[in-house]
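**Q** Build the 3D model from these lines:
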Amino acid sequence: MNTTRRSFQTGLLALAAGAFAPSIPSAFAAGKSGPGVTATEIKLGQTMPYSGPASAYGNIGKAEAAYFKMVNDNGGVNGRKINLISLDDGYSPPKTVEATRRLVEQEEVFAIVGALGTAPNAAIHKYLNSKGVPQLLISSGISKFNDPKNFPWTMAALPNYLNEARILAVYAMQQKPGKKIGLLMANDDLGRDAQAGIRQALGKDAAGLLTVESYELTDTNVDSQILKLKAAGVETLITYASPKFAAQTIRKLKEMGWQPTHLLSSIAASVAGVLEPAGLDNSVGVISVTYAKDPTDPAWDNDPGMKRWNAFMDKYMPGANKGDLNYTTGYYIADFATRLLKACGDELTRENLMKQAANVPGWEFDTLIPGVRAQTSPTDFAPLKQMQMMVFDGKRWKLTGGLLG
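**A** Next up, the predicted model:
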């Protein structure tokens, strides 16, 4: 397989954990370590779309690698450095499977951490659970990844798409009661979660109010879907799409002169990755929902967490576009992984890593908006549950209202 290997040395921060999930096997004795762990190293693996149609998300992996380098430069995790092996899967599930098998069976990584994408992670979901390999902090919010009873080795890092879609649908109904809602969605688990959440929010009115159009990742554009949504009389458009198709949608709406209320999924809210390619003027008035701080918003200039993030970016990612929210996402996920590893103490086994992941007590992170805390339990593996609406003003996102969810 033609993959790109990115191997990085890294290390981490500390917090303690609580009770152990009953569905996870008992941990080894204190001081014992699992595969991928030596006296000097913790080896982690992941797959990322550094190429292909979702390559914009590759910046998440770059930020994670840079964060781990920063932690390593500051001593690592109890003297151990993190060696992150990040392989390019091009957002192709068959390539994800091949790369993940290599990471588990040849590289013998301790855990798969921060792997990106719904379809790629779904392709390795059963495999990693059958092997007892942690599939941690997936860069996806699909609801199927919150199933600790049946898949005790899997946990996502992002807010649940089902819940996010409910929030957007409720907002749409509040702003334009009784008006038609259109959903432009990827024909995958992400889109299906979005549709399910919207239908839950609309209830019995869904049949009369909701029009759905889907696209394939291999499609060239979504022009025909947008034309059908307009013809259906849609007044609020909810877009659940990858950056490429989200940017196309914003541009197409402007070209058509069609001005529905446009609600954008959080995964496509990057200024640098979506709104700039779409045209900042074209993006004025677009509404989205977020759990993270917008680094371009001067409201965060004196925020201690964002000061740390900016210092990190200046030193470890010089020249990177700070308007790209993928960098704040990668920073958050790597920080989360760091805390979990440190919480393991001297018991760096896969079982104990999952024990810590199953008992996160409400951690705050530098790049998350105030009040959004990561919290899990042995029966709930969805760490982030709160979000806030925001509106794009042509330069940056502006938060509006309070926390929802």
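**Q** Show me the beta-bridge partners of residue 81.
**A** Residue 81 forms beta bridges with residue 41, as assigned by DSSP bridges.
**Q** pLDDT below threshold where in the stretch 101-250 of the chain?
**A** For the stretch 101-250 of the chain, no stretch has pLDDT under 70.
**Q** What's the local residue count around the closest residue to residue 139 other than its chain neighbours?
**A** Leaving aside its chain neighbours, residue 139 sits nearest to residue 116 (4.1 Å; criterion: C-beta to C-beta, 6 or more residues apart in numbering). Where C-beta positions appear, they are placed from N, C-alpha and C, glycine not excepted. Neighbours of residue 116 under the rule other C-beta atoms under 10 Å: 28.
**Q** isn't residue 116 right up against residue 57?
**A** Yes. Counting by C-beta atoms under 8 Å, residue 57 is a contact partner of residue 116 at 5.3 Å.
**Q** so what pLDDT did residue 54 get?
**A** Per-residue pLDDT puts residue 54 at 88.
**Q** Look at the closest residue to it other than its chain neighbours and say how many residues are nearby.
**A** Nearest in space to residue 54, with sequence neighbours left out and distances taken as C-beta to C-beta, 6+ apart, is residue 91 at 4.0 Å. By the criterion of other C-beta under 10 Å, residue 91 has 25 neighbours.
**Q** now swap in residue 381 and tell me
**A** Per other C-beta under 10 Å, the neighbour tally for residue 381 reads 23.
**Q** Look at the nearest residue to it once chain neighbours are set aside and say how many residues are nearby.
**A** Excluding the flanking residues, the one nearest residue 381 by C-beta to C-beta, 6+ apart is residue 155, at 4.4 Å. Burial of residue 155 is recorded as 25 neighbouring residues (other C-beta under 10 Å).
**Q** same check, this time on residue 318
**A** 7.
**Q** Can you give me the separation between it and residue 60?
**A** Using C-beta to C-beta, to the nearest Å, we find residue 318 at a distance of 18 Å from residue 60.
**Q** and if you look at residue 338?
**A** In terms of C-beta to C-beta, residue 338 sits 15 Å off from residue 60.
**Q** any residues touching the helix or strand harbouring residue 168, and which ones?
**A** For residue 168, the host element (DSSP states H and E) is helix 161-175. Here helix 161-175 makes contact (C-beta atoms under 8 Å, 6 or more residues apart in numbering) with 141-143, 181, 190, 193-198, 200-202, 236, 238, 240, 261, 263, 265-266, 287, 289, 385, 387, 389, 404-405.
**Q** and the very next helix or strand once past that helix, what does it pack onto?
**A** Note on helix 161-175: by DSSP H and E, the next helix or strand toward the C-terminus is strand 181-186. With contacts taken as 3 or more C-beta pairs under 8 Å, 6 or more residues apart in numbering; DSSP states H and E, strand 181-186 sits against helix 161-175, helix 189-202, strand 210-215, helix 223-231, strand 236-240, helix 243-256.
**Q** Nearest to residue 105, out of these?
**A** Closest approach to residue 105 among the helices and strands packed on strand 181-186 (C-beta to C-beta): helix 189-202, 25.9 Å.
**Q** Show me what the closest one is packed against.
**A** Going by 3+ C-beta pairs under 8 Å, 6+ apart, helix 189-202 lies up against helix 118-131, helix 161-175, strand 181-186, helix 206-209, strand 210-215, strand 236-240.
**Q** Need these in TSV (columns: distance to residue 229 and mean neighbour count).
**A** TSV is the format used below for those (distance: least, C-beta to C-beta, whole Å; neighbours: other C-beta atoms under 10 Å):
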stretch	distance to residue 229	mean neighbour count
helix 118-131	23	19
helix 161-175	14	22
strand 181-186	4	26
helix 206-209	13	14
strand 210-215	6	20
strand 236-240	6	27
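**Q** can you put these in TSV and add distance to residue 393?
**A** Output for these, formatted as TSV (distance: least, C-beta to C-beta, whole Å):
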stretch	distance to residue 393
helix 118-131	30
helix 161-175	18
strand 181-186	23
helix 206-209	29
strand 210-215	28
strand 236-240	19
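**Q** which stretch among those comes nearest residue 69?
**A** So among the helices and strands packed on helix 189-202, helix 118-131 is nearest, using C-beta to C-beta, at 24.2 Å.
**Q** angle of the closest one against strand 181-186?
**A** 60 degrees (axes from the mean of the first three to the mean of the last three C-alpha atoms, to 10 degrees).
**Q** got the contact list for helix 118-131?
**A** 47, 49, 89, 91-94, 96-97, 100-101, 104, 112, 115, 134-135, 138, 140, 142, 144-145, 151-154, 188-190, 217.
**Q** from the residues you listed, which would you call buried?
**A** 47, 49, 89, 91-93, 96-97, 100, 104, 112, 115, 134-135, 138, 140, 142, 144-145, 151-154, 188-190, 217 (16 or more other C-beta atoms under 10 Å).
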